[in-house]
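K.L.:
Got a sequence here, can you build the structure:
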Amino acid sequence: QVHLVESGGGSVQAGGSLRLSCAASGRTVTSYSMAWFRQAPGKEREFVAFISRSGYSVSYGDSVKDRFTMIRDNAKNTLYLQMNSLKPEDTAVYYCAAGGRSMSRFDSYDYWGQGTQVTVSS
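P.N.:
Numbering: from 1, shown residues only. This next block holds a predicted model:
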């Protein structure tokens, strides 16, 4: 079983950048496929980014493609989400997840962090 803790959220103006971290403990980040999701108030949890267990396959949601980058640091046992050119519509709670059986389906993931709030002002 893996324990996930996100950090790095905060408030930023549109066009700015943030880097989220997801520190894993209990198991290594290479033990699972992992992903980032986000959830805005009143909306369903949305797929943001995915990395396969091997690390060879990385995918992004259409709304964040070319702006967000997922990085896995095996030595630090940590997953990162580098977010650039942020927009107000990126405002949400961001969650790290592990153990997914279907890349973009949030209900297929077994393990979740507590989430970190990102707020982007215009």
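
K.L.:
ranges for the strands of the protein?
P.N.:
3-7, 10-13, 18-25, 34-39, 46-51, 58-60, 68-73, 78-83, 92-98, 111-112, 116-121 (DSSP state E).

K.L.:
quick one: which of those is nearest Ser104?
P.N.:
Relative to Ser104, the nearest member of the strands of the chain by C-beta to C-beta is strand 46-51, separated by 3.8 Å. From N, CA and C alone the C-beta is placed, and that goes for glycine too.

K.L.:
Can you tell me the closest non-neighbouring residue to the most centrally placed residue in the chain?
P.N.:
Closest to where the C-alpha atoms of the chain average out (C-alpha atoms, centre = their mean) is Trp36, at 2.4 Å. Leaving out its chain neighbours, the residue that sits closest to Trp36 by C-beta to C-beta, 6 or more residues apart in numbering is Val48, at 4.1 Å.

K.L.:
Distance check, that neighbour against Arg105.
P.N.:
13 Å (C-beta to C-beta, to the nearest Å).

K.L.:
OK, contacts around Arg53?
P.N.:
Residues in contact with Arg53 (C-beta atoms under 8 Å, 6 or more residues apart in numbering) are Thr30, Ser31, Tyr32, Ser33.

K.L.:
Share the number of residues neighbouring the third one, please.
P.N.:
The reference is to Tyr32. Residue neighbour count, defined by other C-beta atoms under 10 Å, stands at 21 for Tyr32.

K.L.:
where's Gly8 relative to Val120, distance?
P.N.:
Going from Gly8 to Val120 by C-beta to C-beta gives 14 Å.

K.L.:
Neighbour count for these two, which is higher?
P.N.:
Val120 (20 against 16).

K.L.:
Please tell me how far the more buried one sits from Leu86.
P.N.:
5 Å.

K.L.:
Between these two, which contacts overlap?
P.N.:
Residues touching both Val120 and Leu86 by C-beta under 8 Å, 6+ apart: Val12, Ala14, Gly16.
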